[in-house]
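Asker: Turn this into a structure:
(chains A and B)
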Protein chains: 2
Amino acid sequence: METILCLLPLTDAERAAFLAAAPDCRLLFHPIPTYRYGIEAVTQEEVSQATVILGNPPKALLRHAPHLKWLQTWSSGVDYVLEEGAFPPGAMLSSAAGAHGQGVAEVMLATLLALMKRLPLYRDDQRAHRWADEGKVKSPVGERMLILGTGDLGGSFAKLVRALGAYTVGLDRHPDRPAPDFDEHRSIAELDALLPQADVVAAFLPGTPETFHILDARRIAAMKDDAILLNAGRGSAVDCLALAQALDRGRLWGAGLDVTEEEPLPPDHPLWDCPGLLLTPHIGGGYRLDATLRAVNALALDNLRRYLAGEPLRNRVL
Amino acid sequence: METILCLLPLTDAERAAFLAAAPDCRLLFHPIPTYRYGIEAVTQEEVSQATVILGNPPKALLRHAPHLKWLQTWSSGVDYVLEEGAFPPGAMLSSAAGAHGQGVAEVMLATLLALMKRLPLYRDDQRAHRWADEGKVKSPVGERMLILGTGDLGGSFAKLVRALGAYTVGLDRHPDRPAPDFDEHRSIAELDALLPQADVVAAFLPGTPETFHILDARRIAAMKDDAILLNAGRGSAVDCLALAQALDRGRLWGAGLDVTEEEPLPPDHPLWDCPGLLLTPHIGGGYRLDATLRAVNALALDNLRRYLAGEPLRNRVL
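Answerer: Sure thing, here's the model as predicted:
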């Protein structure tokens, strides 16, 4: 008999649908309400009994999951699972890629527009009861936006900024494949040639050896003086110390980071106080947006039905 | 001979075009770089000589402009000119309505998305080097947005939020006229009936007796507990003290004001520190966005040609 450990926060209706989909299984509901909070309440005993886990268990517990046959994450990225020794050999792994595009893209659009209109400075002025003019603003209309990553995250972002008048260039390793959300589709190998013309450079990349510090000191230096740099996806795509130095020297119009190399960012990291930086603590994904939570749960339910029927899983990674 | 006092900041090409359009006139160029700064440098002598003024002279000087035949403002609103005794009787008045829609709409969109994603709180956390989760976020997708004013400002805002998935209801005094930027077009007389269903209420209204405190304590109380209130156009449309009280009591998801009843907002006004409030100091209009400045200057040049040719002016108010 399957023992299914469900770590997803479900509505009553969703819970009933999971129960109906798996009538002959033992279902353990242990909802983790958010990205971080509550995760420590999952026990080693629960994880070691499970044949199926829906959600993201603590990595340390996953090392002792002898019966695990399938893990469905709520996250789009699975890098933490793929670390050496973390995942039981032979088990299947599927991600929630596709469920987080809207949430991540909207947060990055909000960050981009806030930077363009200098809202972080106006917020600081508000806190100081100061009615001050912070000068020129930018518009997305006609801006050339280089978007690294053309998947669910990058594609969702491209759709939003195109709707506001931007021109989008999507970069990935497969420029021959279709990418209908973009005005142009180019190879990531052209990055160095394309950087100096970009008004906005936005990274939506998974954490892999290939994407590590893809935006490093040299490439940040190649950007326009008044360009904007954005990073979602994984923090390792941007060399955070190089970015901090560039901003401190007055380079770039601004930068918006929802992810950083180290999370949480240490309190003494130079990024916090950099001029032109707007920082959010990895809020694009996760359950903060109801639409994301509904999409994650629907995907997990669909994959559970497929798993029990012996059909191929969606978003299978291993 | 016409004496044309031009208070607009022009590029060399724009200045050449103005000179070419008015070869037989005396042109005085005295550019005011922004909404406020530099305005005090305009002299009474310049204003009293002028037969035409392009731009917004200080109101006090306008009371002594015996030769003025036409004033073309850079602003969309002309309420300050229409105050009793401020404008020379018999002179023509035209506004820059139509030039500010993009700038104002983009700032209000940036403010709306910032509120939806809790960016003001994350900015405060960043200043305190605090990596903290500020909870649930909202999305514009499917949100019902009540937009007061269907002119250039309200229409431009409706276009932007519709492109991001919102449902827009435009309100004005002429629901029988076409308003293609909106999903629905209703009479302002229906405001009380429509308020309780709105997720976002956004005012883009001129400063008139009819719009004074149109969003007062009673109407703010009729809004959903988690609705968002926005105000651009003129600050008098919202009762600022009533809004401050509502926010202090935990009502509304948040509010975004680019205009206030008193500007600058006094340093001891209760609005500054209200929870959920994002305040910007009337930055939507003005010259902060290059596209706005170009549009204002093009309109002024076109109207100057019309004036000198004896043709009807665009945007004529008086």
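
Asker: residue boundaries of the helices in the stretch 101-250 of chain A?
Answerer: A:101-116, A:119-127, A:152-163, A:191-194, A:217-222, A:240-248 (DSSP state H, counting those that start in this stretch).

Asker: With mean neighbour count, mean pLDDT and distance to B:Y122 as extra columns, can I get those helices in CSV?
Answerer: (Each C-beta comes from the backbone N, C-alpha and C, glycine too.) Shown next, in CSV, are the helices of the stretch 101-250 of chain A (neighbours: other CB atoms under 10 Å in any protein chain shown; pLDDT from 0 to 100; distance: least, CB to CB, whole Å):
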stretch, mean neighbour count, mean pLDDT, distance to B:Y122
helix A:101-116, 27, 98, 9
helix A:119-127, 22, 98, 10
helix A:152-163, 23, 98, 19
helix A:191-194, 14, 98, 29
helix A:217-222, 16, 98, 23
helix A:240-248, 19, 98, 17
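
Asker: Reformat the ones you listed into a markdown table and put distance to chain B next to each item.
Answerer: As requested, the helices of the stretch 101-250 of chain A are exported to a markdown table (distance: least, CB to the nearest CB, whole Å):
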| stretch | distance to chain B |
| --- | --- |
| helix A:101-116 | 4 |
| helix A:119-127 | 5 |
| helix A:152-163 | 4 |
| helix A:191-194 | 24 |
| helix A:217-222 | 20 |
| helix A:240-248 | 13 |
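
Asker: Run the angle between the one helix or strand A:L299 maps to and helix A:101-116 for me.
Answerer: Element membership of A:L299, judged by DSSP states H and E, is helix A:290-308. Taking axes from the mean of the first three to the mean of the last three CA atoms, to 10 degrees, one finds helix A:290-308 and helix A:101-116 inclined to each other by 150 degrees.

Asker: Can you name every helix or strand that helix A:290-308 contacts?
Answerer: helix A:12-21, strand A:52-54, strand A:70-72, helix A:101-116 (3 or more CB pairs under 8 Å, 6 or more residues apart in numbering or on different chains; DSSP states H and E).

Asker: Now tabulate those in JSON lines and tack on distance to B:V137.
Answerer: As requested, those are exported to JSON lines (distance: least, CB to CB, whole Å):
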{"stretch": "helix A:12-21", "distance to B:V137": "20"}
{"stretch": "strand A:52-54", "distance to B:V137": "23"}
{"stretch": "strand A:70-72", "distance to B:V137": "24"}
{"stretch": "helix A:101-116", "distance to B:V137": "7"}
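
Asker: Any part of stretch A:166-174 near chain B?
Answerer: No: Stretch A:166-174 is not in contact with chain B by CB under 8 Å from any CB of the partner chain; minimum separation 11.5 Å.

Asker: List the buried residues in that stretch.
Answerer: For stretch A:166-174, a neighbour-count test (16 or more other CB atoms under 10 Å in any protein chain shown) marks A:166-172 as buried.

Asker: now swap in stretch A:44-61 and tell me
Answerer: Under 16+ other CB under 10 Å, the buried positions of stretch A:44-61 are A:46-47, A:49-58, A:61.

Asker: Equivalent analysis for stretch A:219-233, please.
Answerer: In stretch A:219-233, counting by 16+ other CB under 10 Å, buried: A:219-220, A:222-224, A:227-233.

Asker: Return the closest of those residues with respect to A:L271.
Answerer: A:N231 (11.2 Å; CB to CB).

Asker: confidence score at that closest one?
Answerer: As predicted, A:N231 sits at a pLDDT of 98.

Asker: before we move on, what about the one 3 residues further on?
Answerer: We have a pLDDT of 93 for A:R234.

Asker: need the contact list for it.
Answerer: For A:R234, the contacting residues are A:77, A:79, A:205-207, A:211, A:259, by CB atoms under 8 Å, 6 or more residues apart in numbering or on different chains.

Asker: what would these look like in CSV with distance to chain B, neighbour count and pLDDT?
Answerer: What follows is the contacts of A:R234, written out as CSV (distance: CB to the nearest CB, whole Å; neighbours: other CB atoms under 10 Å in any protein chain shown; pLDDT from 0 to 100):
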residue, distance to chain B, neighbour count, pLDDT
A:G77, 18, 21, 86
A:D79, 20, 13, 84
A:L205, 21, 27, 96
A:P206, 22, 19, 91
A:G207, 18, 19, 90
A:T211, 23, 19, 96
A:V259, 12, 27, 97
